[in-house]
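**Student:** here is a sequence with its predicted model. Questions after.
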Amino acid sequence: MRLNYYIIVLGFFFRINAQQTYEPGKLMDSIPVSNTSNETFTLYLPTNFEASKESPILFIFDPGGRGSIGVETFIKASEAYGPILVCSNDSWNAPY
């Protein structure tokens with residue numbers, strides 16, 4: 001019984017500490033922001049993205065907090081020039 005408890009605790013520990021990997025060339029919406037309860041963002045990595053190399057990041061702010069719409073606008077530029085695209089789903093300044 002005690003062995004099962006330790007196995008469950010270790011499994012939970014390793015699941016929390018596992019590094020999240022993201023697929024290049026795919027729009028990823030609603031990625032949670034660390035240490036917040038309900039904030040998310042949209043991420044796009046260009047298809048030529050390599051984790052071992054430094055890459056520029058383009059932070060996009062959509063007036064309505066629609067991260068995927070903000071990122072979709074710049075996908076062609078990301079593929080051509082290589083920046084990572086990031087847009088908040090929670091930061092807005094429009095009366096929506």
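**Tutor:** Everything's here; your move.
**Student:** G67 contacts V33, correct?
**Tutor:** No. Under the criterion of CB atoms under 8 Å, G67 is not in contact with V33, lying 11.3 Å apart. (Glycine included, C-beta is placed from N, CA and C.)
**Student:** comparing the two, which shows the higher neighbour count?
**Tutor:** Shown here are G67 and V33; by other CB atoms under 10 Å, G67 has more neighbours (28 against 13).
**Student:** list the contacts for the closest residue to the more buried one other than its chain neighbours?
**Tutor:** Using CB to CB, 6 or more residues apart in numbering and skipping residues adjacent in sequence, the residue nearest G67 is T42, 3.1 Å away. Residues in contact with T42 (CB atoms under 8 Å, 6 or more residues apart in numbering) are 27-31, 67-68, 70-71, 85-87, 89.
**Student:** let's see if you can find the most crowded of these.
**Tutor:** Of the contacts of T42, with other CB under 10 Å as the count, G67 tops at 28 neighbours.
**Student:** thinking again about what came up before, now do the shared contacts for G67 and V33.
**Tutor:** T40, F41.
**Student:** find the helix or strand that the residue nearest to F74 when sequence neighbours are not counted is a member of.
**Tutor:** Closest residue in space to F74, ignoring its immediate chain neighbours: L85 at 5.4 Å, by CB to CB, 6+ apart. Per DSSP states H and E: L85 is located in strand 84-88.
**Student:** re the thing from before, check what pLDDT the residue nearest to F74 gets.
**Tutor:** Among the per-residue scores, L85 shows a pLDDT of 93.
**Student:** give me the contact list for stretch 86-96.
**Tutor:** With CB under 8 Å, 6+ apart, stretch 86-96 has contacts from 29-30, 38-44, 57-68, 70-71.
**Student:** restricted to strands, list the residues you listed.
**Tutor:** D29, S30, T40, F41, T42, L43, Y44, I57, L58, F59, I60 (DSSP state E).
**Student:** for these, give me CSV that also has distance to A77.
**Tutor:** Below are the ones in strands among the contacts of stretch 86-96 laid out as CSV (distance: CB to CB, whole Å):
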residue, distance to A77
D29, 19
S30, 23
T40, 23
F41, 18
T42, 15
L43, 15
Y44, 11
I57, 13
L58, 8
F59, 14
I60, 11
